[in-house]
Structures are given as structure tokens and as C-alpha cells.
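In: Fold the following and give me the result.
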Amino acid sequence: MKIKKCQYCGKGFKIVSTPNRKTFCSRECKTAAYLQAAREKRAENISIKKCAWCEKEFVVKRCTMKFCCRSCSMKFDTNQRLLEKRKNRAPRNEICLHCGKKLEINPNAKIKKFCSVECRKNSYAQALKEKRVEKYPIKKCVWCGKEFVKNIYSKKFCCQKCLTKYNSNKKSIERQKNITKTTEICLHCGKEFEIDFSIKRKRFCSKECRRISYSKADKEKRAGNKIKKCVWCGKEYVRNSNIQLYCSKKCKNVADERIKKQVYYASKYEKKLVNTCLFCNKEFNTYTKGVKYCSKECLELGKAKKYQAKEQFLRVCEHCGIQFETHIAHKKYCSEKCKIVLDRQREKERNRAKRILYTRNCRHCGEEFITSHPRQKCCKMQCNYDFRAAQSRKPIEIKECKYCGNEFSTNRKNQIFCSLVCGKRASRTKEKLLKIYKTVNI
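Out: Numbers count the residues shown, from 1 in each chain. Just a heads-up that it's a prediction; the model follows:
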């Protein structure tokens, strides 16, 4: 234990570690001392100059510096560019191009052509009008009489409203010319009333008469409904309207599909063909060539008849050994299952004949075994797992606990304590010792 003085603050502090190279009592004193030394070095190499733009004094860090900040350098550059432009630019206008007034000239400002914003807008608008007049002449609107510039889209009217008003007025004038008024009698109340055939034909004098008459007609229809037969299935049903032909939606859908098919085949084949069925010898109409049977039943019965007419042979299945009858002379199997099973067995035998067998000793248990794989070293999967586990196991060592002094066995190299309890107790004692050392140093 030694006591030293701090080079920055002058306080005494104790040194425990070796070698004794400490010169400061804390990290704060160390950083403050280094900063002070750096400031002193900078003060030796610093010089003061005046800014070329604002003429303020500033500390020069490099010998090539002329300005105190970046904004001053930018302003100086822009000023020089403006001076070069003013030398090479055209002379200024002293009179406004629109109204003819005198302009106030500032040498540092931009060149002006107009005395105000209004003069500038009016002059540009006048120039645009002159250009439009050259392309599109001025005309008067047919409806309102206003003058407008003729474009590709509007030739007679200044706007869309004038066009719609003109068309509506034209239709009303044509109607008045073609009016033909006549008198008719109301179907409900029997009164006479005038109508125009040019607009629409009427049967009733008012909306009330029309509503009452239609409600009565509906009641009469419902009361006088007749019983009819369905066009498709032939069942009797109560008709809800004069147009109804089918008893339900199912009958309607089936009939519509049949009609569509008939229309399709009629459009595809213009003429019907008449053929005779090979089984029942009946004539039937078709739209396609090559049809031999009139229905599916005749087709199935015809195929069965052909099959019975053929010669049958007795064969023995090569797989299961059962006898079976067939009309195919070279058939070998009674079913497809027997064929698939026998083909798989033959493939396995071929693969076994191609394999090369090796005899080896298991590296875990030492027993002999035969394999077709050239890299196999163990007889079973379990032997392989056990062999790898034995290789991965680390050697067991006996150590002493640094806290309690008891002996313990471990696979880990870094383990110091015999249990978690000893480890926690050791960490707590370490924290207490650190607190004590800090209080002593203060």
C-alpha cells in the first residue's frame, strides 16, 4: 500500500496494484488533464484573421482560410458571379412595355420589363388572344348571342348549356306542330277525356281509375284460373298466369336443355340420318355417323353377345395358381393385382443379383455382418448411435470446490464450484469485498 499525489487535483490516493504507474486519482482527472494539454498546444499554433466578406475576426485553423463560416464564402461567390453577369448583359428598359410608364432602376436588382404584376398579366393575356384569333376566328352563339372563339369541339354554341336549351326548344316546337287531339272513354268510370297520340295512348282518365281497374282484373284472373296439364311431365296443376306451361321449375329446366340440344344438333347437321340397331333391328334417327345402337341398353347387351360368341380358353395364373377362363389366348394372370405383385418380386430379385456383398466386423459390438453398402461399419443403427455417443463423451475429472473445499467429479473444464449454492455464496462475498474497497479508497 502506497500513497501518491494526483497530478491534476493534488489529492492523495492509495495504490494497491503493481507496478505503481498511476498518476491520477480517477478517470475524470485523467480526461481533464489531457484536454488541458491539448488546448495549450492549440493556443500555440493559432492565429487571428479578418473575414473577407463580413470583416469579423476569427481563429485560423489552416493558413488557406479566408472566411469565418461557410455562409460568408457562399455569399462572396454569388456576388462575384452577379458582377460578371452584369458586365455582359443587355442594357435595361427605362419604360414599361404595356402602359409606357418610367421604371425605377436598381443596379443590383434583376432586369424589369413591366412596372407591376397587373401590367405583366395583361400583356401576356393580350398576346395569347392574338395567337388564338389567328388560329380560331370569333363567332356568335346561336342561342345567347355571345361572342366566342371557334374551336374544334364547339362550332355554333359557346357552352354545353346553350346547346341543351336549343335542343329542348326545338323538340317542343316540333311537337306543337304534330299535335293530334282526340277524345276517348275511360275503361273504368266511362268519362270522356282528350289525349295526344304524339305523346302516348291512354286508357284511363286518371291514376286512381287505372289502379282500381288493375286490382279488379287481378282478382278475376285468380278466381278464374283453370287446371291444365304440364307440357313435359303431363301432371295437372293450377295455372297462375296465361303464359305458364310447366308445373314446376324442374320441368322447365329439363325442357329448356332438351330444346337447346335439338337446336345445336339441327345447326350442326342439317339432315337427319336413319340407322338400324344391330341388337333389336329397329330404325332410329341420328345426327352423327357411325352410331350402331339405338340406346345404352342395346349397346351393353350387344357387347355381351359378342363376348359370349368368342372362344374361351382355360389358363392357370402364374402368381396364385388359380384356373380361369378367358377369350385371350396369351393371358397369364387372373387379375391385375397378381400381375403387379409378381412384377415387383422379379424387380427385387434382379436388384439383389446386381448388388456386391461385403463381410465386416461391427466396430461397437464386434459381431460379423453382411452388407451391400461399402461404407457401413456397424451392424445396426443402435450400435452406430452408441458408438458416436461414446466418442462424444468427455473424460471425467475430480476437482476441489474453491468455496467449501469438497471434492467433486465433472466433465466441464471451467467448473470451479461443486454446486449452484456455493457459486451464489461466492458471488455475494465478492460483491461485499468490492464495496469495502471502494469505501476505503474514498
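In: Any buried residues in the host helix or strand of residue 390, and which?
Out: Using DSSP states H and E, residue 390 sits within helix 381-392. The neighbour-count check on helix 381-392 (16 or more other CB atoms under 10 Å) flags 383-384, 387 as buried. No exception for glycine: its C-beta is placed from N, CA and C like everyone else's.
In: ok, now stretch 296-313?
Out: Quick answer for stretch 296-313 (16+ other CB under 10 Å): 298-299, 302.
In: Cross these against strands and list the overlap.
Out: Using DSSP state E, no member of the buried residues of stretch 296-313 falls in strands.
In: Reformat the residues you listed as TSV; add pLDDT and distance to residue 426.
Out: Below are the buried residues of stretch 296-313 laid out as TSV (pLDDT from 0 to 100; distance: CB to CB, whole Å):
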residue	pLDDT	distance to residue 426
298	90	101
299	88	97
302	86	101
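In: just for the stretch 151-300 of the chain, where's the confidence low?
Out: The stretch 151-300 of the chain contains residues with pLDDT under 70 at 151-155, 171-181, 196-201, 216-226, 265-271.
In: hang on, the earlier thing: among the buried residues of stretch 296-313, which one sits closest to residue 126?
Out: Lowest distance from residue 126 to those (CB to CB) belongs to residue 299, with 94.0 Å.
In: what about that closest one, distance to residue 187?
Out: Separation of residue 299 from residue 187 (CB to CB, to the nearest Å) stands at 63 Å.
In: Surely residue 123 is in contact with residue 100?
Out: No - applying CB atoms under 8 Å as the test, residue 123 and residue 100 come out as separate, 11.8 Å apart.
In: Who has more neighbours out of these two?
Out: Under the criterion of other CB atoms under 10 Å, the comparison of residue 123 against residue 100 puts residue 123 first, with 16 against 9.
In: for that one, phi and psi?
Out: phi -70, psi -40 (degrees, to the nearest 10).
In: Tally up the residues packed near residue 115, please.
Out: Other residues close to residue 115 by other CB under 10 Å number 18.
In: And the pLDDT at it?
Out: Per-residue confidence (pLDDT) for residue 115: 85.
In: Against residue 126, how distant is it?
Out: Applying CB to CB to residue 115 and residue 126 gives a distance of 16 Å.
In: With residue 146 instead?
Out: 20 Å.
In: if we can go back for a sec, looking at the buried residues of stretch 296-313, which are in helices?
Out: Using DSSP state H, the members of the buried residues of stretch 296-313 that fall in helices are 298-299, 302.
In: Please, which helix or strand holds residue 158?
Out: Counting by DSSP H and E, residue 158 is part of no helix or strand.
In: Isn't it up against residue 144?
Out: Yes - with contacts counted by CB under 8 Å, residue 158 reaches residue 144, the gap being 6.6 Å.
In: any chance you could map the strands in the stretch 51-200 of the chain?
Out: 57-60, 138-140, 147-149, 181-185, 192-196 (DSSP state E, counting those that start in this stretch).
In: May I see these organised as CSV, with distance to residue 232 and mean neighbour count added?
Out: Converted to CSV, those look like this (distance: least, CB to CB, whole Å; neighbours: other CB atoms under 10 Å):
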stretch, distance to residue 232, mean neighbour count
strand 57-60, 108, 12
strand 138-140, 70, 13
strand 147-149, 68, 13
strand 181-185, 44, 10
strand 192-196, 45, 12
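In: of the buried residues of helix 381-392, closest to residue 246?
Out: Out of these, the member with the shortest distance to residue 246 (by CB to CB) is residue 384, at 78.1 Å.
In: looking at it, that closest one is touching residue 362, isn't it?
Out: No - taking contacts as CB under 8 Å, residue 384 lies outside contact range of residue 362: 9.2 Å.
In: Overlap of the contact sets of those two?
Out: Listed as contacting both residue 384 and residue 362 by CB atoms under 8 Å, 6 or more residues apart in numbering are 377-378.
In: Can you check my assumption that residue 255 lies in a helix?
Out: Yes - if the criterion is DSSP: H, G, I helix; E, B strand; the rest coil, then residue 255 is within a helix.
In: Give me the neighbour count for it.
Out: Residue 255, neighbours per other CB under 10 Å, totals 16.
In: all helices for the chain, in order.
Out: Using DSSP H, helices in the chain cover 27-45, 70-88, 117-135, 160-177, 207-223, 249-268, 296-309, 336-354, 381-392, 420-441.
In: do you know which of those lies nearest residue 286?
Out: Among these, helix 249-268 sits nearest to residue 286 (CB to CB), with 9.2 Å.
In: Just the buried residues of the closest one, please?
Out: So helix 249-268, judged by 16+ other CB under 10 Å, has buried residues 251-252, 255.
In: Kindly report the same for stretch 336-355.
Out: Here stretch 336-355 shows 338, 342 as buried, counting by 16+ other CB under 10 Å.
In: Repeat that for stretch 393-405.
Out: For stretch 393-405, a neighbour-count test (16+ other CB under 10 Å) marks 399, 401, 403 as buried.
In: Next, the distance between the ends of that stretch.
Out: 27 Å (CA to CA, to the nearest Å).
In: Could you do stretch 394-404 as well?
Out: 25 Å.
In: how about the nearest residue to residue 53, chain neighbours excluded?
Out: If the residues on either side of it in the chain are set aside, residue 53 comes closest to residue 72, at 4.1 Å by CB to CB, 6 or more residues apart in numbering.
In: before we move on, back to that, residue 158 and residue 144: who's more crowded?
Out: Between residue 158 and residue 144, counted using other CB under 10 Å, residue 158 has the larger neighbour count: 19 against 14.
In: and the gap between that one and residue 252?
Out: From residue 158 over to residue 252 the distance is 59 Å, taken as CB to CB.
In: thinking again about what came up before, with distance to residue 4 as extra columns, can I get the helices of the chain in CSV?
Out: Formatted as CSV, these follow (distance: least, CB to CB, whole Å):
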stretch, distance to residue 4
helix 27-45, 12
helix 70-88, 48
helix 117-135, 81
helix 160-177, 100
helix 207-223, 118
helix 249-268, 110
helix 296-309, 117
helix 336-354, 88
helix 381-392, 55
helix 420-441, 12
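In: Could you work out which of those helices reaches nearest to residue 242?
Out: That would be, of the helices of the chain and by CB to CB, helix 207-223, which comes in at 8.2 Å.
In: Show me what stretch 324-332 is in contact with.
Out: So stretch 324-332 is in contact with 307, 310-315, 317-318, 334, 339, going by CB under 8 Å, 6+ apart.
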